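> this one's structure only:
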(Lines give C-alpha, C1' and ligand atoms only; values in the text may rest on other atoms or scores of the structure.)
Protein backbone atom coordinates (compact mmCIF):
# COMPACT_ATOMS: atom_id res chain seq x y z
CA UNK A 1 0.00 0.00 0.00
CA UNK A 2 1.28 3.44 -0.92
CA UNK A 3 1.35 6.20 1.68
CA UNK A 4 0.68 9.80 0.64
CA UNK A 5 4.31 10.73 1.32
CA UNK A 6 5.53 7.89 -0.93
CA UNK A 7 3.21 9.07 -3.72
CA UNK A 8 4.48 12.64 -3.34
CA UNK A 9 8.05 11.34 -3.39
CA UNK A 10 7.53 9.44 -6.64
CA UNK A 11 5.88 12.46 -8.27
CA UNK A 12 8.81 14.69 -7.29
CA UNK A 13 11.38 12.04 -8.22
CA UNK A 14 9.91 11.84 -11.73
CA UNK A 15 9.90 15.63 -12.13
CA UNK A 16 13.45 16.06 -10.84
CA UNK A 17 14.82 13.28 -13.07
CA UNK A 18 13.11 14.91 -16.08
CA UNK A 19 14.51 18.35 -15.18
CA UNK A 20 11.11 20.00 -14.77
CA UNK A 21 12.23 23.03 -12.74
CA UNK A 22 10.63 26.48 -12.79
CA UNK A 23 9.86 27.32 -16.45
CA UNK A 24 10.19 23.77 -17.76
CA UNK A 25 6.89 22.06 -17.01
CA UNK A 26 4.86 19.00 -17.94
CA UNK A 27 1.19 18.05 -18.09
CA UNK A 28 -0.40 16.96 -14.84
CA UNK A 29 -1.63 13.80 -16.61
CA UNK A 30 1.98 12.69 -17.15
CA UNK A 31 2.51 12.51 -13.39
CA UNK A 32 -0.09 9.74 -13.08
CA UNK A 33 1.76 7.39 -15.42
CA UNK A 34 3.62 4.56 -13.71
CA UNK A 35 1.31 4.36 -10.69
CA UNK A 36 -1.05 1.46 -10.03
CA UNK A 37 -4.48 2.21 -11.51
CA UNK A 38 -6.22 1.93 -8.13
CA UNK A 39 -4.38 4.98 -6.72
CA UNK A 40 -4.62 7.39 -9.68
CA UNK A 41 -7.20 9.49 -7.81
CA UNK A 42 -4.87 9.78 -4.83
CA UNK A 43 -2.06 10.87 -7.16
CA UNK A 44 -4.17 13.80 -8.35
CA UNK A 45 -5.00 14.76 -4.76
CA UNK A 46 -1.32 14.65 -3.77
CA UNK A 47 -0.34 16.85 -6.72
CA UNK A 48 -2.80 19.45 -5.46
CA UNK A 49 -1.40 19.11 -1.91
CA UNK A 50 2.16 19.60 -3.20
CA UNK A 51 0.95 22.75 -4.92
CA UNK A 52 -0.62 24.00 -1.69
CA UNK A 53 2.66 23.31 0.14
CA UNK A 54 4.47 25.41 -2.48
CA UNK A 55 6.67 22.51 -3.59
CA UNK A 56 5.04 22.30 -7.01
CA UNK A 57 4.17 25.23 -9.20
CA UNK A 58 0.83 24.59 -10.86
CA UNK A 59 0.25 26.56 -14.05
CA UNK A 60 -3.10 26.56 -15.84
CA UNK A 61 -2.64 26.92 -19.60
CA UNK A 62 -4.87 26.89 -22.64
CA UNK A 63 -3.82 23.30 -23.31
CA UNK A 64 -4.22 21.92 -19.76
CA UNK A 65 -2.76 22.18 -16.30
CA UNK A 66 1.05 22.04 -16.17
CA UNK A 67 3.35 21.42 -13.19
CA UNK A 68 6.99 22.12 -12.34
CA UNK A 69 9.22 21.91 -9.26
CA UNK A 70 9.76 25.02 -7.12
CA UNK A 71 13.55 25.09 -6.60
CA UNK A 72 13.16 27.25 -3.49
CA UNK A 73 11.66 24.26 -1.62
CA UNK A 74 14.65 21.91 -1.96
CA UNK A 75 14.47 20.63 1.62
CA UNK A 76 10.82 19.54 1.26
CA UNK A 77 11.51 17.99 -2.13
CA UNK A 78 14.39 15.90 -0.82
CA UNK A 79 12.39 14.77 2.21
CA UNK A 80 9.63 13.31 0.01
CA UNK A 81 12.08 11.82 -2.51
CA UNK A 82 14.00 10.12 0.32
CA UNK A 83 10.77 8.56 1.61
CA UNK A 84 10.02 7.22 -1.88
CA UNK A 85 13.54 5.86 -2.42
CA UNK A 86 13.49 4.07 0.95
CA UNK A 87 10.30 2.29 -0.20
CA UNK A 88 12.20 0.93 -3.20
CA UNK A 89 15.06 -0.49 -1.10
CA UNK A 90 13.24 -3.60 0.06
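Yep, it's here. From a predicted model like this one, the values you see are computed outputs, not experimental measurements.
> so what's the residue most central in space within the chain up against?
Taking CA atoms, centre = their mean, the centroid of the chain lies closest to residue 11, which sits 2.8 Å from it. Residues near residue 11 by CB atoms under 8 Å, 6 or more residues apart in numbering: 31, 43, 46-47, 50, 56. C-beta: built from backbone N, CA, C; applies to glycine.
> let's go with 6 Å and repeat that
Taking CB atoms under 6 Å, 6 or more residues apart in numbering, we find residue 11 in contact with residue 31.
> how close does it get to residue 62?
According to CB to CB, to the nearest Å, residue 11 and residue 62 sit 24 Å apart.
> please apply the same query to residue 85.
Distance of residue 85 to residue 62, computed by CB to CB: 36 Å.
> between the two, who's got more neighbours?
residue 85 (13 against 4; other CB atoms under 10 Å).
> show the model's pLDDT score for that one.
We have a pLDDT of 94 for residue 85.
> any low-confidence regions in the protein?
The model of the chain has pLDDT under 70 over residues 88-90.
> give me the secondary structure label for residue 57.
Classification of residue 57 using DSSP: H, G, I helix; E, B strand; the rest coil returns strand.
> tell me the contacts of it?
68, 70 are the contacts of residue 57 under CB under 6 Å, 6+ apart.
> rerun that using 7 Å as the cut-off
67-68, 70 (CB atoms under 7 Å, 6 or more residues apart in numbering).
> next, format those as JSON lines and append distance to residue 81 and secondary structure.
Formatted as JSON lines, those follow (distance: CB to CB, whole Å; DSSP: H, G, I helix; E, B strand; the rest coil):
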{"residue": "67", "distance to residue 81": "16", "secondary structure": "strand"}
{"residue": "68", "distance to residue 81": "16", "secondary structure": "strand"}
{"residue": "70", "distance to residue 81": "14", "secondary structure": "coil"}
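> got a PyMOL select line for the buried ones in those?
Command for PyMOL that selects the buried part of the contacts of residue 57, burial taken from 16 or more other CB atoms under 10 Å:
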select buried, resi 67+68+70
